[in-house]
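[1] Coordinates for the following, if possible.
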Amino acid sequence: MTTTLNLWKHKLGVLPESLWQRTELQVLILADNELKHISPQIRRLRHLHTLDLGHNELASVPDGLTELPLTEYLYLHDNQLKELPPSLGRLSGLRYLNVGENHLTSLPETTAAMTGLVELRAQCNHLAALPGTIGRLRNLRELWLRGNALRCLPESVADLAELRHLDLRENALAEFPEPLAGLPLLRHLDLRSNHLSSLPDWLAGLPSLEKLDLRWNNIEPETGLIDLLRQRGCVVLT
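    Presented below is the predicted three-dimensional model:
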């Protein structure tokens, strides 16, 4: 008995009711099907650990989705979502969440309860701020926030001790986010296309930094700090 069903790009429009009888499914791929609605019957898929609903026309997260035992991947990118339900925090074992390319203006505070997250993608939305409790995501290694309206980061970002990759390009940052100073494992920091004009001295104290992208800001391209970073092997793009 197969536990994977891949219906990618079938242009279904509407899902057959018989789908919810496939209670053995562990992986369900419904991407790119012009779907506007998912039946609450999805809650019957009690073994589902991976769900791909990307590239559809969903205006809300399906009822019953947060009752699923999702532990691997949840793709909701490229839909018409304007908000995420607080119940999303029930997915405490989920490792990968992609809500990029929607119309989100905020993430629920309960996102902080998703402590299993290793990667969070929320790029190309309208986020002006992150939840103040986001630092509780202690397992987070990658955070993708390109194309939002962020002017600062909450202080709790300093608690993301496992963070390796942070993408902040195309936001509204006028100053380097101070909470980044305490991230010992941060390797790749992308700050392209913000409003930065200077570099903080603490950048030199990030022990794991391997790549820093500063292009399309207002920073003087040749500074002593940039030279210092390059001398120790960090790739700095200006």
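[2] Kindly confirm my reading that L28 is in a helix.
    No. Going by DSSP: H, G, I helix; E, B strand; the rest coil, the assignment for L28 is strand, not a helix.
[3] Model confidence at it, what's the number?
    pLDDT for L28: 98.
[4] So it is in contact with H49, correct?
    No. L28 lies out of contact with H49 (Cβ atoms under 8 Å); the separation is 9.7 Å. In this view, the C-beta of every residue, glycine as well, is placed from N, C-alpha and C.
[5] and P184, what does it touch?
    161, 206-208 (Cβ atoms under 8 Å, 6 or more residues apart in numbering).
[6] Equivalent analysis for N125, please.
    N125 touches 99-105, 147-148, counting by Cβ under 8 Å, 6+ apart.
[7] Check A158 too.
    A158 neighbours (Cβ under 8 Å, 6+ apart): 135, 179-183.
[8] can you check A174 too?
    Each residue near A174 by Cβ under 8 Å, 6+ apart is listed here: 151, 194-197.
[9] Looking at those residues, which is nearest L229?
    When the contacts of A174 are compared for distance to L229 (Cβ to Cβ), L196 wins out at 15.0 Å.
[10] Can you mark which positions in stretch 158-176 are buried?
    158-160, 162-171, 173, 176 (16 or more other Cβ atoms under 10 Å).
[11] now do stretch 37-56
    Across stretch 37-56, burial judged by 16+ other Cβ under 10 Å covers 38, 42-45, 48-56.
[12] what does stretch 65-72 give?
    Buried residues in stretch 65-72 (16+ other Cβ under 10 Å): 65-68, 70-71.
[13] List just the nearest of the contacts of A174 to Q231.
    Closest to Q231, out of all of the contacts of A174 and judged by Cβ to Cβ, is L196, at 21.6 Å.
[14] Assess the claim that that closest one and A172 are in contact.
    No. Using Cβ under 8 Å, L196 is not in contact with A172; the gap is 10.6 Å.
[15] Pull out the buried residues from the helix or strand of the chain with the lowest mean pLDDT.
    Lowest by mean pLDDT, DSSP states H and E among the helices and strands of the chain is helix 224-231, with a mean of 93. For helix 224-231, the neighbour count (16+ other Cβ under 10 Å) marks 225-226, 229 as buried.
[16] Look at L191 and say how many residues are nearby.
    24 (other Cβ atoms under 10 Å).
[17] Contacts only, for it.
    Counting by Cβ under 8 Å, 6+ apart, L191 has contacts 168-169, 173, 176, 212-214, 217.
[18] Report the contact partners of E142.
    118-121, 163-166.
[19] which residue packs closest to L130, ignoring adjacent ones?
    Spatial nearest neighbour of L130, chain neighbours left out: P154 (5.6 Å); criterion: Cβ to Cβ, 6 or more residues apart in numbering.
[20] Could you check how far the one you found is from D52?
    For P154, the distance to D52 equals 30 Å [Cβ to Cβ, to the nearest Å].
[21] for P62, same thing?
    13 Å.
[22] what sits against S39?
    Contacts of S39 (Cβ under 8 Å, 6+ apart): 15, 17, 20, 62.
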